[in-house]
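1. Quick one: sequence plus predicted model below, questions after.
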Amino acid sequence: MNKAKTLELVKKYTMIIVLILVTSFFAWRSDGAILLPMNVSSLISQNAYVFILATGMLLCILTGGNIDLSVGSVVCFVGAVGAILMQTFHVNVFVTILAMFVVGALIGAWQGFWIAFVRIPPFIVTLAGMLIFRGLSNAVLDGKTINIKSQETFVKLFGGGANCYIPDFFHGNGFNITCMVAGVVAVVIYVLLQVKNYISRKKKGYETGNLAGIIAKTVAICAVILVFCYKLALHKGIPSVLVWVLVVVLVYGFITSNTTVGRHFYAVGGNEKATKLSGINTNRVYFLAYMNMGFLSALAGMVTIARMTASQPTLGTNYEMDAIASCFIGGASAYGGIGTVPGVIIGAFLMGVINLGMFLMGANADLQKIVKGLVLLAAVIFDVVSKRGGKFIAKN
Amino acid sequence: MAKILLEMRNITKTFPGVKALDQVNLQVEEGEIHALVGENGAGKSTLMNVLSGIYPYGSYEGDIVYDGEICEFHQIKDSEHKGIVIIHQELALIPYMSIGENMFLGNEQGKSYKINWNETYAKAAKYLKTVGLKESPEVLIKDIGVGKQQLVEIAKALAKNAKLLILDEPTASLNEEDSKALLDLLLQFKKDGMTSIIISHKLNEISYVADKITVIRDGTTIETLDKATDDVSEQRIIKGMVGREINDRFPKRDKQIVTDESERVMMEVKNWNVDHPIYAERKVVNDVSLHVCKGEVVGIYGLMGAGRTELAMSLFGKSYGSNIKGQLWINGKQVHLNTVQEAIKHKLAYVTEDRKGNGLILSNPIRVNTTLANLGAISKHMVIDRDMEYHAAETYREKLKTKCPTVEQNVGNLSGGNQQKVLLAKWMFADPDILILDEPTRGIDVGAKYEIYCIINQLVAEGKSVIMISSELPEIIGMCDRIYIMNEGKIVGEVNGEDASQESIMSHIVSNTREKGEQK
């Protein structure tokens, strides 16, 4: 019984355990370099687009293992449109941001329409989108790179580069007090929410779960938040892009776990026929998944051009693959219906740590790709085999 | 006496919680046509799956003696190797492959590295001729009719050097003419020395072709009738099929039907017609009219393929079929339910017969499944109140006595009976006035059945109406106030629950099928 419980626990937190092991490995091999404040900060800034896109991709994958291949091209196209508007047409920054979101959502709606209502396979529609929007980006940019270094507001707002941090209101000396305060506030809010939840459940007589377990989990999460903020505080503070990532993660985490719409995504992926017969509009669910993907691609586009301080026709290449890989590594099922936003974020972190760690170790790009590929394969093998009750070879 | 080709001795096959076959015996002589009859779920198909190796040796008890030796089939290939070929009710042909390709699928002609297409098509042509098909073997399957497809299946079986042909409901999807042709073909094969086992619900066909008839009921062999010596009339076969006593398998219920004439009828269907969604020329539901009163349990009885599920689903927000015509009245008002959402809004619920395929999300917990059809009741501004949801699931778990550790248990891990309860809970939570229960007790054990019946009684006691679709006669008779009998898309009879007997209901169907045959 106890052994089974331990196994269950290991299974539930596999990816977190793997993440810790991988991080420790790189910390050892890089003489702790990966834990330096600067590197922790750049881990966030470099992978911001992955967090955002993977969250959107999760919704698509939830509907039944469907993926969106057009993401990289859409990121590039929206970025190109934004850069042109600001730089060539001198449109106001905030109007540009709005326009970029609208363009992204429209692209998503276009693809969603074919997928949801005409029922063209998502693979085909988004493959077409991948070609179309890559071509359009090229056309819009006329094959050239557009520099947006002069758009300071935009870059500061979305960037993760040189000076794009939330300013320190307390003027700490080499230590960003704002960042640390934000961390402490977050921890307090988190603990209060947990306590409130526990009390309300207890009051209504519902099952509360194991108190020791809840406390352990809360302490662990708080510790992670504090250590993270401490590291960031030592290096210029909160990258502005982290705010966007947090907003996306919190909002979508809430939607997927606590709203009826979120429930619909899981239901469609779990059993579409049953969902339809439960009076849920499954076409709308597909449409929302892909329209939302376009919307989040727009945000990823802003983040990307802000970090690069430029828009160019090859931007966003293979971004879709990073997003898809993060989802599957993070425990999303390749058949749909299973997967969580926190899981996907862990998956994205794992990929980021592998990238950064191997970079710090001086491994070349080829090896990085090989390792990432193997990790992805291993994660999905684990998912499929464990779902088959541990039988490694499928029954013929 | 002719040689015994196949003998199945004391076959017992158990599924978790259910004994599907219990000491079944079957003897088939060489060169005869042997019919296997019984109600749905009696165990015919299970028996044939044991024989063909789909349920491998070791997963059942008893012996299969074929051609004088005890056989141990581990997979279908093993039995096919011996010449035992089964043709399933669902055609297993691939539409976008040619007849020839289909016939030799998995049995490809030529070298291991290269298929010899000339040989394939030459052989295919030969076997097509044997079954009387004039089509070229290069024609695609999708371009020929269902009747011809069935013949291709038989040709495919012959190509495997079949000595014992097993046909599971071969005429279920065929019209009279094609059925007749197929049966005559079987008689022709018999002359050439082929042995066949035929499973069918159509008793007139059985009387026509079979030399011997084995009746299976509740997973046991009841009797084997020999055409030469016994009475094999349809009445006699029916008696064998249904002749069990009914004791207290059904909970008692006082009449709950509202007597006040003005608000008596809860739902009325007038002249309902539904076409097949793909084959538009096929009418699946033909001019059906029926009504349900408040507090009444109405049964719809019919054999598989009679159009019961199709009728129910087409009523439930047009979730099946095309070209749906007819009137639907609920509570004295005519309604047009074009989507499932509208149907639910008008307090109609359809509890599917296929709980795994169409009813439940197996990978999700009981809690999620319970609330899926009525998420609005546990959410505010689209935000789900988890505590409220948990509470709702818990309430129904207690009410229906679902056996599970917690409502966080995944539905896929539950037994059939408990899954059925979760499915019922889901639709009860949607708070309907009319529940259409499609085969609510399929594949669950006797104890769970009794509990489901109790729930049905509880529902009508609350003033709800229940339409119960079932192909189990005792259940229909034991539970329903009134019974409609459906056959080939039509209502062919209506009897009162008190006056109903198994023979009277079956004979409605048999006489209707026969009339149709004679008209042709």
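-> Okay, I see it.
2. for the stretch 201-350 of chain A, which spans come out with low pLDDT?
-> By pLDDT under 70, the low-scoring segments of the stretch 201-350 of chain A are A:206-208.
3. Enumerate the residues of it near chain B.
-> Contact residues, the stretch 201-350 of chain A versus chain B (C-beta under 8 Å from any C-beta of the partner chain): A:201, A:204, A:206-207, A:258-261, A:263, A:266-267, A:270-271, A:273-281, A:333, A:337-338. (Glycine included, C-beta is placed from N, CA and C.)
4. Apply 10 Å and report the result again.
-> A:201, A:203-207, A:254-255, A:257-264, A:266-281, A:333, A:335-338 (C-beta under 10 Å from any C-beta of the partner chain).
5. Could you do the stretch 51-200 of chain A as well?
-> So the stretch 51-200 of chain A meets chain B at A:Asn197, A:Ser200 (C-beta under 10 Å from any C-beta).
6. in the stretch 51-200 of chain A, what residue is nearest chain B?
-> A:Ser200 (7.0 Å; C-beta to the nearest C-beta).
7. ok so, going back, return the subset of the residues of the stretch 201-350 of chain A next to chain B lying in strands.
-> Counting by DSSP state E, no part of those is found in strands.
8. if we can go back for a sec, the residue of the stretch 51-200 of chain A closest to chain B: neighbour count?
-> 12 (other C-beta atoms under 10 Å in any protein chain shown).
9. ok, for it, nearest residue in space, not its chain neighbours?
-> Leaving aside its chain neighbours, A:Ser200 sits nearest to B:Asp387 (7.0 Å; criterion: C-beta to C-beta, 6 or more residues apart in numbering or on different chains).
10. What are the buried residues along the strand or helix carrying that neighbour?
-> For B:Asp387, the element it lies in under DSSP states H and E is helix B:386-399. Residues B:Arg386, B:Asp387, B:Met388, B:Glu389, B:Tyr390, B:His391, B:Ala392, B:Ala393, B:Glu394, B:Tyr396, B:Arg397 are the ones in helix B:386-399 that count as buried (16 or more other C-beta atoms under 10 Å in any protein chain shown).
11. What is that helix packed up against?
-> Applying 3 or more C-beta pairs under 10 Å, 6 or more residues apart in numbering or on different chains; DSSP states H and E, we find helix B:386-399 packed against helix A:177-204, helix B:366-371, strand B:379-380, helix B:416-429.
12. With distance to B:Ala181 added, can I get those in TSV?
-> Shown next, in TSV, are the helices and strands packed on helix B:386-399 (distance: least, C-beta to C-beta, whole Å):
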stretch	distance to B:Ala181
helix A:177-204	68
helix B:366-371	47
strand B:379-380	58
helix B:416-429	39
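13. what's the closest of the ones you listed to B:Val258?
-> helix B:416-429 (20.1 Å; C-beta to C-beta).
14. ok now the closest one, how far from the chain's centre?
-> 20 Å (C-alpha atoms, centre = their mean, to the nearest Å).
15. For that helix, buried residues please.
-> B:416-429.
16. between it and helix B:386-399, how many degrees?
-> Interaxial angle, helix B:416-429 versus helix B:386-399 (axes from the mean of the first three to the mean of the last three C-alpha atoms, to 10 degrees): 120 degrees.
17. and the very next helix or strand once past helix B:416-429, what other elements does it pack with?
-> Following helix B:416-429 in sequence order, the next helix or strand is strand B:434-438 (DSSP H and E). Where contact means 3+ C-beta pairs under 10 Å, 6+ apart, strand B:434-438 is packed against strand B:265-275, strand B:283-293, strand B:297-301, helix B:308-315, strand B:348-351, helix B:416-429, helix B:446-461, strand B:465-470.
18. Tell me the strands beside strand B:434-438, with direction?
-> If you go by DSSP bridges, strand B:434-438 pairs up with strand B:348-351 (parallel), strand B:465-470 (parallel).
19. From the chain's centroid, how far away is the longest one?
-> If I follow you right, that is strand B:465-470. That offset, for strand B:465-470, works out to 16 Å (C-alpha atoms, centre = their mean).
20. Domain ranges for the chain, per the record?
-> Because you didn't say which chain, this covers chain A. Structural domains annotated on chain A: A:18-23+A:30-164+A:239-385, A:165-238, as defined by automatic domain parsing.
21. Wait, chain B was what I had in mind.
-> Here the domain parsing of chain B from automatic domain parsing is B:4-242, B:248-347+B:432-520, B:361-431.
22. just to revisit the earlier point, TSV for the strands paired with strand B:434-438, including mean pLDDT?
-> Below are the strands paired with strand B:434-438 laid out as TSV (pLDDT from 0 to 100):
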stretch	mean pLDDT
strand B:348-351	94
strand B:465-470	93
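23. How about the residues of the stretch 201-350 of chain B by chain A?
-> So far as C-beta under 10 Å from any C-beta goes, the stretch 201-350 of chain B lies against chain A at B:313, B:316-317, B:319, B:339-345, B:349-350.
24. Could you identify the most distant pair in these?
-> B:Met313 and B:Lys345 (17.2 Å).
25. Just want to know which of these two has more residues nearby.
-> Between B:Met313 and B:Lys345, counted using other C-beta under 10 Å, the more crowded position is B:Met313 (23 against 14).
26. Thought B:Leu337 was touching that one, still the case?
-> No - at 11.4 Å, B:Met313 does not count as touching B:Leu337 under the criterion of C-beta atoms under 10 Å.
27. Between those two, which contacts overlap?
-> B:Ser319 (C-beta atoms under 10 Å, 6 or more residues apart in numbering or on different chains).
28. The closest residue to chain A within the stretch 401-520 of chain B: neighbour count?
-> With C-beta to the nearest C-beta as the measure, B:Thr406 is the residue of the stretch 401-520 of chain B nearest to chain A, at 7.0 Å. Burial measure for B:Thr406: 13 neighbouring residues, criterion other C-beta under 10 Å.
29. all helices for the stretch 51-200 of chain A, in order.
-> A:71-83, A:93-112, A:122-141, A:152-158, A:177-204 (DSSP state H, counting those that start in this stretch).
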